[in-house]
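A.B. asks: give me the fold of what follows.
(2 chains)
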Amino acid sequence: MVVMKMKFPFQKRVKLAQGLWLLSWCATVAGATTFTLGCVLKTELRRRAEVMDNADVHIVPNTLMIVGLASLGINYFASKICQDALDAGRFPRWKNFLKPYFAASCFFTVLMLLAVIMSYAMKGSLESSLKIGLRNGIRFYKDTDTPGRCFQKQNIDRLQMEFQCCGNNDFRDWFEVQWISNRYLDFSSKEVKDRIKSNVDGRYLLDGVPFSCCNPSSPRPCIQYQLTNNSAHYNYDYQTEELNIYLRGCREALVNYYMGLMNTIGAGVLSIFILQGSVLVSLRFLQTAMEAVAGKENTEIETEGYLLEKSVKDTVMEYLNPVLKFLLLTNQVEEGATTSGATPAAT
Amino acid sequence: MAVLRVKFTKTKRDKLAQVLWILNWISVVTGAILFSLGLFLKVEINKRGELMAERDIQYVPNMLIAVGLIACAINFLGGKICYDCVDTTKFLRWKLIMLPYIICTFFFTFCVLVGALMCYSMHGELEESLNLGLTEAMRFYKDTDTPGRCFLKRTVDLLQIHFQCCGNNGYRDWFQIQWISNRYLDMSQKEVVDRLRSNVEGKYLMDGVPFSCCNTNSPRPCIQQQITNNSAHFSYEHQTEELNLWMKGCRQALLEYYIHMMQSIGLAVLITWLFELSVLTGVRYLQTSLENVLRQGDPNSESDGWLLENSFMETARINLNIIKSLGKNNQIDTSNNGDPNINVPSTSKAHYGPDNVPPKQITEDI
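C.D. replies: Predicted structure coming up:
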């Protein structure tokens, strides 16, 4: 049961080979583009690595880079094969190469599609990683004298200013954390002592945010401290004030940024996947059409080309059988040894 | 005595023409680069246009844009000419145009050099413009309800955050202006009324700065208010504290940014100028050698090429004479026919008989 049989007269074969050569060079450029897109994504993820708890999401750019490099090789060989395809003397030397070549190409093309699907699927993992990372960043904001954490303040400040966000979920996260170090608190002052006594853990909590939460678009100078106290500031209403500080949370801002980036890259990679797939399909048709010509005297006859010789299931079994046999063979040797070992004991 | 005479065989001439063709196309690309550099500079200056007072600094990017476009056009023409110069018959088409073309290009390279020097000379005007512009912008920082000035607060805040600077010369500039609008001052409070009364103009002045002056590298949360009051903050000394606010003034920060940009652009323009000059020299040699070949008659023979036919002084003298005589075209030349003492023979066709014949004697017979 042949899959997708098509007739190929001589002129159509020639046109197919020429078109395929051009297409494979386009696909080579596309493969380099995929590699570059993977590098760009990896660089962007690494820039904010301090607010990410784990690097699980890096599997997407890593896959893209591997696929990009592989497709460079695939398309290079595709162009060489189709150059030799019309020459009856040179085509047979590719004969043994083509079966593993198609297997590897299909694997990497499917991997490309998987990368696109993963970029949408990793949203949850990215969000939870950012949640933990930002929580730690806010918690260690004040520890500018502890080695290993001394740059957290700088990172969080720059992050909040660049992405125009405040806190993890929103600005209230700063109310629950002591973000002013004890080094700068005057413990002889009554106000400080009251605040520290007023909660169980003995932390200095206040309804204020760091300066990096301030919104430059606000018409009035920034109100950072005593945010919930309407009477502390003239003409100020805490519930209706929207322009004073950034209301968006940094987790949401970062997730939106990275998902936007990955959606754009995913759309590009999807079109490259279609291009690569069409290259492989055309190459398969060219190969089968040229194989039918081999050995005949008149090379200009009409031949038939197909995608798969047997049905899809049979082809898959044909490829998997050597792999399974290799795995099963090791088991059979062990079984034989145990049976031969058991029989002498029986007698 | 020709200036820098070089002998050219036929193959050497052809190679020169081909190399010049390629170099002219490279020059077209460099002309396009000059154009884009001028455009880039114009965009960058306009981006910060609100912070610059009215000064004539647009002439630098405009000059670069014009020079870039003209360079593209001139080198495109030069490429065509050099392409045709390989063939002696095609050269005849361009023969009359080549000398004017070379003269025009020579003057154009002067323009390129002037453009490069302009990039380095903009320093003073830019500084003055920024000084005035920043002072104005800081003065109108609080006027977020006045149409036309309502975005100055945002512009100044973003400038200070991005360029890591504070105020015009330093953060103390903010102490001298009122940057909190009266809309947000509680006039019923004693402290506010005291401050307003304490200075002649009735401005609310304080030793505080906006949040955008805060330094992100500071280990402690930012101290914006009561900066000069050491006792207002725990473990704080105003004179030695360097990491709390940005220490650099915004005028200096912006100036450094633009100077650096213009130095890079100026360098690129100088390199372009040297390249153009070398291409022009090559074209001049090609022109003179081809003209000499035509004079000799045999297209395959050797010929001389030079920069100038005579020495500098001779060429200058000849050209001055040509320019002088251009003005004399309309004058009539009366040197011979006006002097009555010179014997000019009669040229009339009438024959009045021979000269010097005595008159006939008439005898009277009555």
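
A.B. asks: rounded mean pLDDT for whichever strand or helix holds B:Val43, please.
C.D. replies: In this structure, B:Val43 is located in helix B:10-47 according to DSSP states H and E. Taken as a whole, helix B:10-47 has an average pLDDT of 92.

A.B. asks: centre of the chain versus the helix or strand that that helix is followed by, how much separation?
C.D. replies: Proceeding C-terminally, helix B:10-47 gives way to helix B:59-84 as the next helix or strand, assigned by DSSP H and E. Taking the mean C-alpha point of helix B:59-84 and that of its whole chain, the gap between them comes to 14 Å (C-alpha atoms, centre = their mean, to the nearest Å).

A.B. asks: for helix B:59-84, buried residues please.
C.D. replies: Within helix B:59-84, the residues that qualify as buried are B:60-61, B:63-65, B:67-68, B:70-72, B:74-75, B:77-79, B:81-84, counting by 16 or more other C-beta atoms under 10 Å in any protein chain shown. All C-beta atoms are positioned from the backbone trio N, CA, C, and that covers glycine.

A.B. asks: please name every helix or strand in contact with it.
C.D. replies: With contacts taken as 3 or more C-beta pairs under 8 Å, 6 or more residues apart in numbering or on different chains; DSSP states H and E, helix B:59-84 sits against helix B:10-47, helix B:88-121, helix B:250-296.

A.B. asks: what mean pLDDT does the second one get?
C.D. replies: It stands for helix B:88-121. Averaged over helix B:88-121, pLDDT sits at 88.

A.B. asks: and it, what's buried?
C.D. replies: Buried residues in helix B:88-121, counting neighbours by 16+ other C-beta under 10 Å, are found at B:91, B:94, B:98, B:101-102, B:105, B:108-109, B:112-113, B:115-116, B:118-120.

A.B. asks: and stretch B:227-247, by the same measure?
C.D. replies: B:227, B:233, B:236, B:241, B:244-246.

A.B. asks: check stretch A:254-261 too.
C.D. replies: Neighbour-count burial for stretch A:254-261 flags A:254-255, A:258-259, A:261 (criterion: 16+ other C-beta under 10 Å).

A.B. asks: state the distance from the residue nearest the centre of chain B to chain A.
C.D. replies: With distances taken as C-alpha atoms, centre = their mean, chain B has B:Gly115 as the residue nearest its mean C-alpha position (2.6 Å). Note on B:Gly115: its distance to chain A, by C-beta to the nearest C-beta, to the nearest Å, is 36 Å.

A.B. asks: swap in B:Tyr101?
C.D. replies: 41 Å.

A.B. asks: just checking, that residue touches B:Phe76?
C.D. replies: No - with contact defined as C-beta atoms under 8 Å, B:Tyr101 does not count as touching B:Phe76 (11.9 Å).

A.B. asks: spell out which parts of chain B neighbour chain A.
C.D. replies: Contacts of chain B with chain A, taken as C-beta under 8 Å from any C-beta of the partner chain, map to B:144-145, B:150, B:153-154, B:157-158, B:161, B:179-181, B:183-186, B:210-212, B:214, B:216-217, B:219-222, B:224, B:233-235.

A.B. asks: in helices, which of these fall?
C.D. replies: Secondary-structure check on the residues of chain B next to chain A using DSSP state H: residues within helices are B:153-154, B:157-158, B:161.

A.B. asks: could these go into JSON lines alongside neighbour count and pLDDT?
C.D. replies: As requested, those are arranged in JSON lines below (neighbours: other C-beta atoms under 10 Å in any protein chain shown; pLDDT from 0 to 100):
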{"residue": "B:Lys153", "neighbour count": "25", "pLDDT": "94"}
{"residue": "B:Arg154", "neighbour count": "17", "pLDDT": "94"}
{"residue": "B:Asp157", "neighbour count": "21", "pLDDT": "95"}
{"residue": "B:Leu158", "neighbour count": "15", "pLDDT": "95"}
{"residue": "B:Ile161", "neighbour count": "21", "pLDDT": "95"}
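
A.B. asks: of all the residues you listed, which comes closest to chain A?
C.D. replies: Comparing those against chain A with C-beta to the nearest C-beta places B:Asp157 closest, at 3.7 Å.

A.B. asks: I'd like the distance between that closest one and B:Asp84.
C.D. replies: Separation of B:Asp157 from B:Asp84 (C-beta to C-beta, to the nearest Å) stands at 61 Å.

A.B. asks: the residue of the stretch 1-150 of chain A found nearest chain B: what's it in contact with?
C.D. replies: When scored by C-beta to the nearest C-beta, the stretch 1-150 of chain A has A:Thr144 as its residue closest to chain B, at 3.8 Å. The contact partners of A:Thr144, taken as C-beta atoms under 8 Å, 6 or more residues apart in numbering or on different chains, are A:150, A:152-153, A:181, B:219-220.

A.B. asks: and stretch B:238-246, C-alpha only, in PDB?
C.D. replies: Below are the C-alpha coordinates for stretch B:238-246, written out as PDB (Å, rounded to 0.1, in the frame of the first residue of the first chain):
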ATOM      1  CA  HIS B 238      26.000  64.100  54.000                       C
ATOM      2  CA  GLN B 239      29.600  65.100  53.000                       C
ATOM      3  CA  THR B 240      30.900  61.600  52.600                       C
ATOM      4  CA  GLU B 241      27.900  59.900  51.200                       C
ATOM      5  CA  GLU B 242      28.500  59.200  47.500                       C
ATOM      6  CA  LEU B 243      26.300  56.300  46.600                       C
ATOM      7  CA  ASN B 244      23.000  57.700  47.800                       C
ATOM      8  CA  LEU B 245      22.200  59.900  44.800                       C
ATOM      9  CA  TRP B 246      23.700  60.300  41.300                       C
END
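
A.B. asks: next one: A:Gln178, what pLDDT does it get?
C.D. replies: According to the per-residue confidence, A:Gln178 scores 93 in pLDDT.

A.B. asks: was I right to think it contacts A:Asn199?
C.D. replies: No - the pair A:Gln178 and A:Asn199 does not pass the contact test of C-beta under 8 Å, sitting 9.5 Å apart.
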